[in-house]
Every structure is written in C-alpha cells, then in structure tokens.
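# quick one, structure for this:
(2 chains)
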Amino acid sequence: MRVDLKSVEETAKELYIRALKRLPPDIKQGFDALAKRESNAGAKRVLGTMIANIKVAEDTDNLLCQDTGIPVYNVWIGRGVEVDGVALKEAIRAGCARSTRENCFRSSIVHPTTRVNEQTSCGRGIPVINLDFTAAPGTLVIEMVPKGSGSENNSWLKMAIPADGIDAIKVFVVDCVLQAGGMTCPPTIVGVGVGGTADLCMHLAKIAATRPLGSNCEDAEGAKLERALSEAVNVLGVGPQGLGGDSTAFAVHVETAATHITMNPVAVNMQCHSARRARATIRATGVEYGH
Amino acid sequence: MAHYDFTMPVSEARTRALRVEDTVTLNGTLYGIRDATQIHMFDRGRKTRFDLSGHAVIHTAPNVRKVEKSAQHPAGYAPLCIGTTTSDRMERFSRPLMQQYGVRMIIGKGGLRENSLATFGELGGVYVAIIGGAAALETTWVEAIEDVDLDDLYPESLWKFRVRGFGPLLVAMDSFGGSLYSRVRNAAEAKRAEALRRLGVG
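Numbers count the residues shown, from 1 in each chain, chains lettered A, B, ... in the order given. Model prediction:
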C-alpha cells in the first residue's frame, strides 16, 4: 500500500475531534464497574456526574473536557506500506492544526519559556508523534491521545537502585497516588513504567496510562505487579476528585523493559477519568475509526 | 449539610456561613481566571477593569468561538466548552485575589493548600469543588460570555460569564478551617501502611 498523505491529514484532523468528544467503550464500562462497587455516597454522586457528562457530550456533540491536552499521535506502520516518513509527520501536524482552527478548539500549547501560543495546538516538537512498526500487512494505524495536563503534571521518575528491589517500585507507586490526591482528576489509570533507561521508563508509563482498560501487560511479571497495585491503591480512599471514596483508580497498568544491572528505574504517568483516545486504521480500501 | 442558591455577588456573611459539605448553586456573574491571568495580575502589575468584589472566580480557560458582537454574545465570543482546571498551581494567588480584589469564592478542582485555607478563615472565603473533566455538563450552565478583559492572554483571559443554575457545587474548604482535602489526605496517609501490607512490603 502506498499511503495517501491527504488521507493521513484528514484522519489526523478527524481523530482529534473524535478523541475529544467520545470516550472509548472500555472507559465507559470502567465507570459502570466503579459506580456499582462504590460504597461512599458522595463518591457515588461524583461518579454519577462524570457518567452524566459523557452522555451530555454525546447529546450536545461537545467536548468531554475543556482541556484539549497535549496532542499525541502514535503511529504503527505495517508491512508492505510505502510512505515518506517526513511527509507523514508533516501531514499529521497539518491535520492537528486544522482540527484546532476549524473547530475552535482551545490551543493549549505554548512555547516553554516565552509562553507564546500559536493557537494551532502545535509548537516546537508538538504534536508528539511516535512512529513504530507492526507486522500487520498493508495497514497504517494512527492513535490520537489528547493528554490532559492535570494528570500529566503528576508524573514522576525515580532511579531506584537494585538493592531497593521491587519493593521500591511498589512504595513509589503508592506514594505517587497519595501525592496526586485529587489533582489528577481521579479515578485515574495509573501508568507505571518499570525498567529501561530514564526516558524509556517514562515512555512506558505513558503507554501504560493510555492502554485500554481490561488489557494486561504482556510481561507476566508486569501483569502480576499491576494486579497487586490496582488493589492496593484503591485501599487509600482518595476517591473520585480526591473527595474521598473507594474509586481512586480504574486500574494500575504496568509496562516493563529490561534495564541495566545497576539500575531499577520506575516512572509514574497518570491518565485522568476523561481517558480519551481515538484510533484509525488506514488501508488501501479506506479508513476505519475506533478506539 | 445545607444547600444555598447564590445570586452573585454575595456578602462576606453569606460565604462565612458556608461549611464543608454544604452545596451551593450560583446564578448571575462568574469570573473565569487562570495561571497566566493571575501571573500577569499579581506578578506583573497588571490590573483588571472588572469589579470582582463579592464574586466567585473559577479556575478555567474555555473553548470559545469568535463571533460578531450581539445581544447574545456581547463580548464577541460564543462559549463552546467551559470546564475547570486543577487549582493547586494557583495556590499563591488566593490571598491577593481576596485581599486586593475582594473575591469571596474560588471554584476549582483538586483543592488548595494551607495558605489558602488560612486566607479563607481571615477574610471569609470558601473553596468550592466542581467536578473536573465534566465540562460538557458545566457548559450547559453557562448562558453567555458577557465580557472579557486581559484578552491578549487568550485563552487565559479574564472571562466574565453569565451563569444560571451553576451547580450544585460542593463546599470543600471553608472559613472555619475545614478542608475536605486535608481530611481525605490524612485518612489516605493513615491507610498507606495497609496498602503496602497488601503488596507484601514490610
């Protein structure tokens, strides 16, 4: 398949709109599951308001949250796909900027020191575009994540040492959830990166935070850890919006990578309850949208 | 736990009567304010022409559409999606907002800290929690953008909204030193050992 860059631009534009307006079904199910087992009356009301908001956004064709986020595009290029990589990135960037202008989305992106806003949701190095490859033949997959700042501002990296062991990872995650309190817009998906280099560790945490609910870490050790952590953080009682209750996190997700013999890094990146993402699969036959 | 309907602005006596876990619904004027707005007002010496005395401010920067000025859109902006941002970053502006401008209520998400709580006690203010991330719903409570100031900071301008039935919102920090966030945080700290025990950490 030879990739049509006009189609990529349109898809990048459309994905931003879809991500901002519709929550994926796994997140909606996550809300229902939390609401069912929440024992705190106030927290039940808060969850009820969040669930009502999902419906209002759908009924009024509005954004779920005012925060248009930092736009992140994850791209997987399949086997036998022919594409000019530089032009692909330009097309995604153009689609992101057009989406912002044509829909009057708040551009939440500024230069880090001058704080100048180009009003396009783009800037130096933004949107984030992660390019990777997949074995699936003849497909180009694009996932769009508008990453909200309330949760992104609560990101931590600890370069623990081997002598601290796995306990250092567990304690760190629990303490991050405590420190975040209500600032991350809980219930959250707590993304945990374990291993790798400092930057890979944080990237793993972001992948974990934006992974669909119900999915498991492919590394059996990571899967074991995420099950234990999911139970533990929900003992704390932080609750929705940090106002108390059982529903502190939908889940803790863990992603792992091998690391150096001298290292034991752990990173936490959180996703807020408005856990937005949208996905498109581009084939020679057309574009298919989903989550 | 009592419910109050406020038509803004309100007197100090009315906000001093509010206690944590009361609920309040606002009508009339509501000002939108954010990081850059307050950095410019309190660190860079800029002033607003708005009279914020007795009013509520909400931590926000909305999605809006620029339109021709009309009776419906007097400021030339149509509201599209208006939500709430995390308050904690703006902690140090609570005191000057109240002291210099007479603001009585701060609406946000995630809570404020000890200095704000002390300010509420001294000056008779409250922090009111709205559900963050529920912006589509919140937008239905906003009738119009009546005016805008410091608009070179767009979208972090100082927005004057007209609201109706804005709530019910939860009083989360009051002038009596009550803070739902401190209460929840202390309880969570106390449960830390139990969480670690479940993880097999000694």
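# near chain B, anything from stretch A:58-74?
Yes - with Cβ under 8 Å from any Cβ of the partner chain as the measure, stretch A:58-74 is seen reaching chain B through A:60, A:62-68. Yep, even glycine has a C-beta here, placed from its N, CA and C like the rest.
# buried sites along that stretch?
Residues A:62-74 are the ones in stretch A:58-74 that count as buried (16 or more other Cβ atoms under 10 Å in any protein chain shown).
# how about the contacts made by the closest residue to B:Ala2 other than its chain neighbours?
Computed as Cβ to Cβ, 6 or more residues apart in numbering or on different chains, the closest residue to B:Ala2 that is not its neighbour in sequence is B:Asp22, at 5.1 Å. Contacts for B:Asp22 (Cβ atoms under 8 Å, 6 or more residues apart in numbering or on different chains) come out as B:1-4, B:170-171.
# just the strands in chain B please.
With DSSP state E applied, chain B shows strands at B:3-7, B:23-33, B:56-59, B:63-66, B:77-81, B:105-108, B:126-129, B:142-149, B:158-173, listed in chain order.
# adding mean pLDDT, mean neighbour count and distance to chain A, write those strands out as TSV.
Below are the strands of chain B laid out as TSV (pLDDT from 0 to 100; neighbours: other Cβ atoms under 10 Å in any protein chain shown; distance: least, Cβ to the nearest Cβ, whole Å):
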stretch	mean pLDDT	mean neighbour count	distance to chain A
strand B:3-7	98	14	13
strand B:23-33	98	22	10
strand B:56-59	98	28	11
strand B:63-66	97	18	4
strand B:77-81	97	20	4
strand B:105-108	98	26	10
strand B:126-129	98	26	6
strand B:142-149	98	19	11
strand B:158-173	98	22	7
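# can you redo these as JSON lines with distance to A:Leu157?
Listed next are these as JSON lines, based on distance: least, Cβ to Cβ, whole Å:
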{"stretch": "strand B:3-7", "distance to A:Leu157": "44"}
{"stretch": "strand B:23-33", "distance to A:Leu157": "32"}
{"stretch": "strand B:56-59", "distance to A:Leu157": "27"}
{"stretch": "strand B:63-66", "distance to A:Leu157": "32"}
{"stretch": "strand B:77-81", "distance to A:Leu157": "32"}
{"stretch": "strand B:105-108", "distance to A:Leu157": "27"}
{"stretch": "strand B:126-129", "distance to A:Leu157": "30"}
{"stretch": "strand B:142-149", "distance to A:Leu157": "39"}
{"stretch": "strand B:158-173", "distance to A:Leu157": "30"}
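# A:Tyr289: what's it in contact with?
Shown in contact with A:Tyr289 (Cβ under 8 Å, 6+ apart): A:14-15, A:18, A:278-280.
# in strands only, show me these.
Filtering the contacts of A:Tyr289 for strands - DSSP E - leaves A:278-280.
# got JSON lines for those residues, with neighbour count and pLDDT too?
As requested, the ones in strands among the contacts of A:Tyr289 are exported to JSON lines (neighbours: other Cβ atoms under 10 Å in any protein chain shown; pLDDT from 0 to 100):
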{"residue": "A:Ala278", "neighbour count": "24", "pLDDT": "98"}
{"residue": "A:Arg279", "neighbour count": "20", "pLDDT": "98"}
{"residue": "A:Ala280", "neighbour count": "21", "pLDDT": "98"}
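# let me have the residues you listed in a markdown table, extended by distance to A:Leu225.
Output for the ones in strands among the contacts of A:Tyr289, formatted as a markdown table (distance: Cβ to Cβ, whole Å):
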| residue | distance to A:Leu225 |
| --- | --- |
| A:Ala278 | 29 |
| A:Arg279 | 26 |
| A:Ala280 | 32 |
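# which of these sits closest to B:Asn186?
A:Ala278 (39.5 Å; Cβ to Cβ).
# the closest one contacts A:Glu143, correct?
Yes - with contact defined as Cβ atoms under 8 Å, A:Ala278 reaches A:Glu143; the gap is 7.3 Å.
# can you check which residues contact both of the two?
With Cβ under 8 Å, 6+ apart, A:Ala278 and A:Glu143 have common neighbours A:Leu15.
# how near is the residue lying closest to B:Met98 once chain neighbours are set aside to B:Ala195?
Distances taken as Cβ to Cβ, 6+ apart place B:Leu123 nearest to B:Met98, at 4.6 Å, with adjacent residues excluded. B:Leu123 sits at a distance of 38 Å from B:Ala195 (criterion: Cβ to Cβ, to the nearest Å).
# my guess is A:Glu14 meets A:Glu288, correct?
No - in this structure, A:Glu14 is not within contact of A:Glu288 by Cβ under 8 Å, at 11.8 Å.
# can you list the residues of stretch A:58-74 next to chain B in a markdown table and add secondary structure, distance to B:Gly177 and pLDDT?
A markdown table is the format used below for the residues of stretch A:58-74 next to chain B (DSSP: H, G, I helix; E, B strand; the rest coil; distance: Cβ to Cβ, whole Å; pLDDT from 0 to 100):
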| residue | secondary structure | distance to B:Gly177 | pLDDT |
| --- | --- | --- | --- |
| A:Thr60 | coil | 40 | 98 |
| A:Asn62 | coil | 38 | 98 |
| A:Leu63 | coil | 37 | 98 |
| A:Leu64 | coil | 35 | 98 |
| A:Cys65 | coil | 32 | 98 |
| A:Gln66 | coil | 31 | 97 |
| A:Asp67 | coil | 31 | 97 |
| A:Thr68 | coil | 37 | 98 |
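# from those residues, pick the one nearest chain B.
Distance to chain B across those (Cβ to the nearest Cβ) is lowest for A:Gln66, with 3.1 Å.
# taking chain B, what residue is nearest to chain A?
B:Gly83 (3.1 Å).
# let me see the contact set for that residue.
A:65-67, B:60, B:62, B:132-135, B:138-139.
# A:Glu152 too?
Applying Cβ under 8 Å, 6+ apart, one finds that A:Glu152 lies in contact with A:69-70, A:269-270.
# 7 Å instead?
Contact analysis of A:Glu152 by Cβ atoms under 7 Å, 6 or more residues apart in numbering or on different chains lists A:Ile70.
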